[in-house]
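Here is a sequence together with a model predicted from it:
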Number of protein chains: 2
Amino acid sequence: MAKESFVEQIADIEKDFPRWYTDVVIKTGLVDYGPVKGTMVIRPYGYAIWENIQSELDRRFKATGHKNAYFPLLIPMSFFTKEAEHVEGFAPEVAVVTHAGGEELAEPLAIRPTSETIFGSMYSKWIQSYRDLPVLINQWANVMRWEKTTRPFLRTSEFLWQEGHTAHATEEEAEEETMKMLGVYKEFAENCLAIPVICGKKTEKEKFAGAVATYGMEAMMKDGKSLQAGTSHFLGQNFAKAFDIKFLDKDGVQKHVYTSSWGVSTRLIGALIMAHGDERGLLLPPVVAPTQVVIVPIAAKKGGVLEKCAEVKDLLEKAGVRVALDDTDASPGWKFNEWELKGVPLRIELGPRDIEAGKALIFRRDTLVKEEYSLEGIAEEVIGLLNTVQKDMLEAARVRRDKHVVDADSLAGILEGVENGNFVKAGWCGCRECEDKIKAETAATARVISDDTAEKCAVCGKKAQSKVYFARAY
Amino acid sequence: MAKESFVEQIADIEKDFPRWYTDVVIKTGLVDYGPVKGTMVIRPYGYAIWENIQSELDRRFKATGHKNAYFPLLIPMSFFTKEAEHVEGFAPEVAVVTHAGGEELAEPLAIRPTSETIFGSMYSKWIQSYRDLPVLINQWANVMRWEKTTRPFLRTSEFLWQEGHTAHATEEEAEEETMKMLGVYKEFAENCLAIPVICGKKTEKEKFAGAVATYGMEAMMKDGKSLQAGTSHFLGQNFAKAFDIKFLDKDGVQKHVYTSSWGVSTRLIGALIMAHGDERGLLLPPVVAPTQVVIVPIAAKKGGVLEKCAEVKDLLEKAGVRVALDDTDASPGWKFNEWELKGVPLRIELGPRDIEAGKALIFRRDTLVKEEYSLEGIAEEVIGLLNTVQKDMLEAARVRRDKHVVDADSLAGILEGVENGNFVKAGWCGCRECEDKIKAETAATARVISDDTAEKCAVCGKKAQSKVYFARAY
């Protein structure tokens, strides 16, 4: 077991978490600031993570019967006013096109902040009979929400996401879909991102504008704050009525459909960074890491070293591993730092003596442990190790998360809990006043409602509805 | 060999090609009109074709060393004015955001019609040294060009595309990249879309606004018109100078880079439809067909039929074939029409007698030939047939194309040629006047410059530079 000196080019994660985040996203080449305030350029290293996220999710969406489509970017402003809560929630954030083709438009057009309205308008045209249901469509798209304070991946005026929009004959089916997709997100977050999420219903205050109920998944970041990593909404008949989406049911009666929508975005990249990163920089779980293994030659100029490294690279590639060989002129130490900063899960070190002994050193970025492996069967070893790293990262995050969920039964207790970087479970009566008071005094918001019961509300002392997870959030 | 009666629900392709096109795209569920004039909704069947196109192209881009990234949708209007020709070409078509977040913006922002300017602005920041070159980035994105007359896939205000943007140390390298990507497009068009394209340099008049040289690939549609299916631009130092993209070369001298850009779009779906479609509707080449094989049970209620169909479906799926089993209540004849309309390359018909004899009938959508195959080894047979269909479709398109390329040595000859639905090769002196005259009198434009020499310009009779392909175009 060897320890290396760590990277000095990024801020100390313990002392200045926000600067650490900015340093990491910029210096690893994940992202850059776009020329328009609040926009980001997702650079190849960041986009490759997104491609891996997309491919994992897309497979799951298709396996659950969804198809992809593409709906227009521009939505007539009038569409938003058709659903009262929706317009209130989104109108203040939209970017508006007023001129096009050299002329002023008759009606201003919004750049989609989300697409319930335009899906609704098309669904009302496509859906006539119960035979047309369910409609299960997803789209991968860019959306825009004009934000005052922005941070790469976490909050930018434009971001990439997927949004599923489904229509069903019955309330039960739409609710089932809502929960099914929350389950898909949770399984994906745990098995692909190695992030143990907490799922549950949102309070009325925190729900999506226009939803009957919103379910969220919350991820704990290393500073103890929560990041809403995905949401699934049961929309009831709100949008069906606003857009007149009706079908002729088996019983010969015209009925409004029930709809759901659900989405995750490039925020997930921010979640990955802040859930796993450490003093050396990024730490990426193998399933979504653009490069899973880097090979660093030691004494690369010695005869046979580079050739052997290339051979190992070839072997790993053939076994389906995403592998890079760093054959640049930099020193091994410099390369170690660089690839650790970039969060590559495994590093193989190969020098003349290793080759002679038929061995290689493999360094695990997650545990910082370096061990010797036989070159014979190296591909199988690496694949096994990648699986182990993936599982261990989830387990480590779970242990960390569980350690930082505390209970409280008073406002002071909630404050103390979040001040110490925890999620706090506390009884809540269900009223908006108490929720607002918690936010005002602790800067924590209700993340999701838990299944646990409580006797009393931590604020007013009245009978509690249930326990709620409170945390400061991104 | 059996012939079926053909679909009556679409216009006659011979009599009304434009209506045939509209009928096909709408009735097969490829696309629908969006609520804002000039926009389209790409429905699941159309989007699945796009996904297959993306996956084939993306693989090729990565194999040639390119990486994906994502640049912002909104570009400051001032960026466009930095390259004189570029602003002239694109400013009239842009959609402009003037308000966002409830306020008027200090500077209006354009929705990207293409991204040379914003890539340029970032490249000037990222590129410092010859060590940073080449930069080879592609993005998959939506773009917007406000058009007066629109048609689904062919010309819509918003469309999806990919745009590659590369920067190089030398002119030779940038030119090589330009030609390499044109080659990638051509190989893809032929082997995946089964469309035999004609590639070559564009005239000054037809080139991209801001390019030194544009190379295009032109595809012949069934009405004899040409569709520009992809372009690759050598941009010289035009954008490098406009955005000050400089690097310190090996010789210690600061130099401007040379750039290229290249793109194809959802227009390719329009090309597929019009290059292969026929009186029965769509005809999709297997490589990009969302469904490659449909299984239609005959006398489905007879014992064992549906089970056998499901078994065959399972076999084909396991062999990697995209297959659907149509077990709806409709009659076989109705299903035949429906799936032929949708252009599915192969249809397997399975009834009680076939099953008893251990056989299946397979219908080829391209040749309309139906033949008997043994159920034993059906997966291999189907895969072989799909390959054959793919090759035969290219060959059939090539024969058709070659039949419709004619020579002319006068303006009257060009007019006659295009009136009869041909591409016309004619000598051209190289001057804009003659090019404009051809357009005015024949409605044909110079598609690409061929490698063939000619003695005289077909218009003015002066010495010809070369032969040019003229055609009416989408």
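It's in.

Let me know the outermost residue of chain A.
residue A:303 (45.5 Å; CA atoms, centre = their mean).

Give me the three-state assignment for it.
What DSSP: H, G, I helix; E, B strand; the rest coil gives for residue A:303 is coil.

I'd like to know how far residue A:16 sits from residue A:24.
12 Å (CB to CB, to the nearest Å). Where you see a C-beta, it was placed from the backbone N, CA and C, and this is true even at glycine.

Between these two, point out the one with more neighbours.
residue A:24 (25 against 13; other CB atoms under 10 Å in any protein chain shown).

mind checking the longest helix of chain A?
helix A:378-403 (DSSP state H).

Could I get the average pLDDT for that helix?
The average pLDDT within helix A:378-403 is 98.

what's downstream of that helix, the next helix or strand?
Later in the chain than helix A:378-403, the nearest helix or strand by DSSP states H and E is strand A:405-408.

Measure how far that next one is from the centre of its chain, please.
24 Å (CA atoms, centre = their mean, to the nearest Å).

Then stretch A:193-207?
Worked out by CA atoms, centre = their mean, stretch A:193-207 lies 12 Å from the chain centre.

And stretch A:457-467, by the same measure?
31 Å.

Can you show me the strands along the stretch 1-150 of chain A?
Listed in chain order, the strands of the stretch 1-150 of chain A (DSSP state E, counting those that start in this stretch) span A:31-33, A:40-42, A:67-68, A:74-76, A:95-100, A:103-111, A:135-144.

So for residue B:209, which of the ones you listed sits nearest?
Residue B:209 sits nearest to strand A:95-100 of all the strands of the stretch 1-150 of chain A, at 18.2 Å, using CB to CB.

Okay, residue A:295 and residue A:305: tell me how far apart.
11 Å.

shared neighbours, these two?
residue A:350 (CB atoms under 8 Å, 6 or more residues apart in numbering or on different chains).

who has more neighbours, these two?
residue A:295 (24 against 19).

Packing partners of the strand or helix carrying that one?
Following DSSP H and E, one finds residue A:295 within strand A:293-297. The contact analysis (3 or more CB pairs under 8 Å, 6 or more residues apart in numbering or on different chains; DSSP states H and E) places strand A:293-297 against helix A:305-318, strand A:323-325, helix A:332-341, strand A:346-350.

Check which helices and strands the least confident helix or strand in chain A by mean pLDDT is in contact with.
Among the helical and strand segments of chain A, the one scoring lowest on mean pLDDT, DSSP states H and E is helix A:84-90, with a mean of 88. Using 3+ CB pairs under 8 Å, 6+ apart as the contact test, the elements touching helix A:84-90 are helix A:77-80, helix A:238-242.

closest to chain B out of those?
helix A:77-80 (7.4 Å; CB to the nearest CB).

I'd like the average pLDDT over that closest one.
94.

What of stretch A:184-197?
98.

Does residue A:430 fall in a helix, a strand, or a coil region?
Assigned by three-state DSSP, the conformation of residue A:430 is coil.

quick one: contacts for the residue nearest to it when sequence neighbours are not counted?
Counting by CB to CB, 6 or more residues apart in numbering or on different chains, residue A:430 lies nearest to residue A:465, which is 4.0 Å off, once chain neighbours are set aside. Taking CB under 8 Å, 6+ apart, we find residue A:465 in contact with A:428-430, A:449.

now do residue A:145
Per CB under 8 Å, 6+ apart, neighbours of residue A:145: A:90, A:93-94, A:113, A:157, A:159.

Mind checking which of the residues you listed are buried?
A:90, A:93-94, A:113, A:157, A:159 (16 or more other CB atoms under 10 Å in any protein chain shown).

ok, so of the residues you listed, who is nearest residue B:164?
residue A:159 (22.9 Å).

Following the chain past the host helix or strand of that closest one, name the next helix or strand.
Residue A:159 is part of strand A:158-168 when elements are defined by DSSP H and E. Remark: after strand A:158-168, the chain's next helix or strand is helix A:171-191, criterion DSSP H and E.

Next, the angle from that following helix to strand A:135-144.
60 degrees (axes from the mean of the first three to the mean of the last three CA atoms, to 10 degrees).

ok so, going back, right, so the strands of the stretch 1-150 of chain A: which one is the most enclosed?
strand A:40-42 (a mean of 26; mean count of other CB atoms under 10 Å in any protein chain shown).

and whatever residue of the stretch 351-474 of chain A ends up closest to chain B, how many residues sit next to it?
Closest residue of the stretch 351-474 of chain A to chain B, CB to the nearest CB: residue A:474 (19.5 Å). Neighbours of residue A:474 under the rule other CB under 10 Å: 20.

ok, it - contacts?
With CB under 8 Å, 6+ apart, residue A:474 has these contacts: A:154-155, A:221, A:225-228, A:270, A:274.

So what does the residue nearest to residue A:430 look like in phi/psi?
Torsion angles at residue A:465 (phi, psi; degrees, to the nearest 10) stand at phi -70, psi -50.

same deal with the one 4 residues further on?
For residue A:469, the backbone dihedrals (degrees, to the nearest 10) come out as phi -80, psi 120.

Please list all residues in contact with it.
When contacts are counted by CB under 8 Å, 6+ apart, residue A:469 is found next to A:198, A:200, A:218, A:226, A:405, A:423-425, A:446-450.

ok, and the closest non-adjacent residue to it?
Per CB to CB, 6+ apart, closest to residue A:469 is residue A:447, 4.4 Å.

Correct me if wrong: residue A:310 contacts residue A:325.
Yes. Using CB atoms under 8 Å, residue A:310 is in contact with residue A:325, at 6.4 Å.

Among the two, which residue is more densely surrounded?
residue A:325 (20 against 14).

Please name the bridge partners of that one.
For residue A:325, the beta-bridge partners under DSSP bridges are residue A:295.

Which pLDDT does the model give it?
98.

show me what contacts the most centrally placed residue in chain A?
Closest to where the C-alpha atoms of chain A average out (CA atoms, centre = their mean) is residue A:268, at 2.1 Å. Contacts for residue A:268 (CB under 8 Å, 6+ apart) come out as A:53, A:193, A:229-230.

same question, residue A:292
Per CB under 8 Å, 6+ apart, neighbours of residue A:292: A:286, A:321-323, A:344-346, A:386.

Need the distance between the two termini of stretch A:342-350.
One end of stretch A:342-350 to the other measures 20 Å (CA to CA, to the nearest Å).
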